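Trainee: Give me a model of this one.
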Amino acid sequence: LRNSLSFADHLRYLDYATTQFHTDYPISETDYVKGVAGKPEYYFVIGVCGDDAYWAIDRDKQLTITGTGAIADFESDYHGTIEAVAPWWFWQDGFNKVVIEKSITHIGENAFYGMENITSAVLPDTLLEIGGSAFEKCSGLTKINFPSKLELICHSAFYECRKLTKADIPASVKKIDTWAFRDCVALKTLTLREGLEYIGNGAFDSCAITKLVIPDSVTRLESPFDGCSKLESVKVGASVKIIPGYSFSNCTSLTRVELPEGLQAIHPAAFDGCTALPEITIPASVTEVDGFSRCKNLKKITFCGDAPSIGYYAFSGVTATAYYPDNSDSWTEDVMQDYGGALTWKTAEAISIKTQPKTGYAKMGETVKVSVKAEGDGLKYQWYIKNAGASKYSKSSITSSTYSVTMTDKVKDRRVYCVVTDA
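Mentor: Residues are numbered from 1 along each chain as shown. Below is the predicted model:
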């Protein structure tokens, strides 16, 4: 600001009305926030928030931050030291929208901590990092963008943003740190892209996510999805070697889990309390298995390789049939125990294709059928089709051993094939 008083000194005059503020502390238009257009009287209050970062709250209840480089780090609350908290902390009831303009690269710690009136935030393409607790407990926040150059979302950045419904994380983000989105209880849609490498402890605990695909680029998980009670399906990326304890525990709606070949260990409590999970397939690469206690609807467990080390209470409270390959001597009576539950052990039958599909013929308007005959345990069928002139096959709705369709001009010369898998 123009005169000798620092901005902290100005804050001490909180009882002044806006007019009185400008009367006592006159400043010209050029002394206002760099890059913020408008007349001086348009702004309610202004100040500095970094080495070359500036802020202003206008009469449309918008907080605008401009300049270059980083927004400074702050404390989360006022403890008698004005300089400790974000300078707009005292005026948080005066704005509900945050706009951070181009050339800002970092949002400091606790920048908007606990500011419940904020409903939206617009972040610039230049942003690289969202600091720890930057938007923590912004319980009114419903909309925010994640810029294409963003690299790091720090600890607790959006913790308890209870109205946030969507997080579309760009491929540039390498790390989502501890508790980053914990208790975002309305967060239903989460998009993670190739490029992400690390998801921290509790990063998405107790969110409302329904479907989760972890990218193949992710190499490390730290128990990030505990208590996601609406989560229905999970696909774990190919580079994950260990699923730590409590990674997916208490995901009570989870019915489908796809684990990658290459996974090495499932740690205690990893899937504890996933009460809707009906079956699990353990890849051949896994050497340590634990963490399925209290999965009361788990009825089928399929081991695809040699006998792993299985935790003493790995299946506590589970009544299921466990299948193992009959071509491995590692599956001994000592291995085939109950592990805290009631497991019935059976050898898994290899799939045997007895009859391959043959070309089908029919007149227009008649039904043409193509079938496959196979033997094995719990077989599933999925047919794929490619019409004449199409470049690739697409999945059909037919999931039985017979593909049936009415002959039309569109169907003529259609190619089909069937993928048979065991359950």
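
Trainee: Endpoint to endpoint, stretch 208-223 covers what distance?
Mentor: 16 Å (CA to CA, to the nearest Å).

Trainee: no wait, stretch 68-76
Mentor: Distance between the two ends of stretch 68-76: 23 Å, counting by CA to CA.

Trainee: what do you get for stretch 165-176?
Mentor: Using CA to CA, one end of stretch 165-176 lies 17 Å from the other.

Trainee: One more: stretch 409-416?
Mentor: First-to-last distance for stretch 409-416 - CA to CA - comes to 16 Å.

Trainee: list the buried ones in that stretch?
Mentor: 414, 416 (16 or more other CB atoms under 10 Å). For every residue, glycine as well, the C-beta is placed using N, CA and C.

Trainee: Likewise for stretch 100-115?
Mentor: 100-101, 103-104, 106-115.

Trainee: Could you pull up the mean pLDDT of that stretch?
Mentor: Per-residue pLDDT over stretch 100-115 has a mean of 96.

Trainee: before we move on, what about stretch 283-296?
Mentor: For stretch 283-296, mean pLDDT rounds to 96.

Trainee: And stretch 48-64, by the same measure?
Mentor: The average pLDDT for stretch 48-64 rounds to 92.

Trainee: swap in stretch 349-363?
Mentor: Stretch 349-363 comes out at a mean pLDDT of 83.

Trainee: Report the distance from it to the chain centre.
Mentor: Put simply, stretch 349-363 sits 41 Å off its chain's centre (CA atoms, centre = their mean, to the nearest Å).

Trainee: how far does it stretch from start to finish?
Mentor: 40 Å.

Trainee: buried set for it?
Mentor: Buried residues in stretch 349-363 (16+ other CB under 10 Å): 357, 360.

Trainee: ok, back up a step: show me which of the buried residues of stretch 100-115 is closest to residue 200.
Mentor: Comparing the buried residues of stretch 100-115 against residue 200 with CB to CB places residue 109 closest, at 15.8 Å.

Trainee: That closest one belongs to a strand?
Mentor: No. With DSSP: H, G, I helix; E, B strand; the rest coil as the criterion, residue 109 is located in coil rather than a strand.

Trainee: Just to check, it is in contact with residue 154?
Mentor: Yes. Counting by CB atoms under 8 Å, residue 109 touches residue 154, with 7.5 Å between them.

Trainee: Check the spacing between the spatially closest residue to residue 317 that is not a sequence neighbour and residue 189 real quick.
Mentor: Excluding the flanking residues, the one nearest residue 317 by CB to CB, 6 or more residues apart in numbering is residue 294, at 4.9 Å. From residue 294 across to residue 189, the span is 28 Å (CB to CB, to the nearest Å).

Trainee: Comparing the two, which residue is more hemmed in?
Mentor: residue 294 (19 against 12; other CB atoms under 10 Å).

Trainee: Surely the more buried one and residue 272 touch.
Mentor: Yes. Here residue 294 reaches residue 272: they are 5.5 Å apart, a contact under CB under 8 Å.

Trainee: Mind listing the shared neighbours of residue 109 and residue 154?
Mentor: Common neighbours of residue 109 and residue 154, using CB atoms under 8 Å, 6 or more residues apart in numbering, are 131-134.

Trainee: With pLDDT, neighbour count and distance to residue 247 added, can I get these in TSV?
Mentor: Below are the shared contacts of residue 109 and residue 154 laid out as TSV (pLDDT from 0 to 100; neighbours: other CB atoms under 10 Å; distance: CB to CB, whole Å):
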residue	pLDDT	neighbour count	distance to residue 247
131	97	23	26
132	97	24	22
133	97	25	23
134	97	28	25
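
Trainee: for the residues you listed, which one is nearest residue 326?
Mentor: Ranked by distance to residue 326 (CB to CB), the shared contacts of residue 109 and residue 154 are led by residue 132 at 52.8 Å.

Trainee: Run through the stretch 301-423 of the chain and note the low-pLDDT ranges.
Mentor: For the stretch 301-423 of the chain, applying pLDDT under 70 flags the ranges 350, 423.

Trainee: mind listing the helices in it by residue range?
Mentor: For the stretch 301-423 of the chain, no helices are identified by DSSP state H, counting those that start in this stretch.

Trainee: Residue 353 bridge partners, please.
Mentor: residue 374 (DSSP bridges).

Trainee: residue contacts, it?
Mentor: Applying CB under 8 Å, 6+ apart, the residues near residue 353 are 372-374, 420.

Trainee: Now with 7 Å, please.
Mentor: Neighbouring residues of residue 353 by CB atoms under 7 Å, 6 or more residues apart in numbering: 372, 374, 420.

Trainee: how close does it sit to residue 312?
Mentor: For residue 353, the distance to residue 312 equals 40 Å [CB to CB].

Trainee: same deal with residue 121?
Mentor: Applying CB to CB to residue 121 and residue 312 gives a distance of 48 Å.

Trainee: How about residue 262?
Mentor: Distance, residue 262 to residue 312, by CB to CB: 26 Å.

Trainee: ok, which stretches of the stretch 151-300 of the chain are strands?
Mentor: For the stretch 151-300 of the chain, strands defined by DSSP state E, counting those that start in this stretch occupy the ranges 152-153, 166-168, 175-176, 189-191, 198-199, 211-213, 220-221, 233-235, 242-243, 256-258, 265-266, 279-282, 288-289, 300-303.

Trainee: which of those strands sits most buried?
Mentor: Mean neighbour counts were taken over the strands of the stretch 151-300 of the chain using mean count of other CB atoms under 10 Å, and the top value, a mean of 24, falls to strand 265-266.

Trainee: Quick check: neighbours of it in the sheet, parallel or antiparallel?
Mentor: If you go by DSSP bridges, strand 265-266 pairs up with strand 242-243 (parallel), strand 288-289 (parallel).

Trainee: tell me how far the last one is from the chain's mean position?
Mentor: The offset between the C-alpha centroid of strand 288-289 and the centroid of the whole chain comes to 25 Å, using CA atoms, centre = their mean.

Trainee: which residues touch residue 173?
Mentor: So, once contact is read as CB under 7 Å, 6+ apart, residue 173 ends up touching 150-151, 153, 195-196.

Trainee: what residues are up against the residue nearest to residue 317?
Mentor: Per CB under 7 Å, 6+ apart, neighbours of residue 294: 272-273, 275, 316-317.

Trainee: which of the residues you listed tops the neighbour count?
Mentor: Neighbours here mean other CB under 10 Å. Within the contacts of residue 294, the largest count is held by residue 272, at 24 neighbours.

Trainee: Find the nearest non-adjacent residue to it, please.
Mentor: Among residues not flanking residue 272 along the chain, residue 249 sits closest, at 4.4 Å (CB to CB, 6+ apart).
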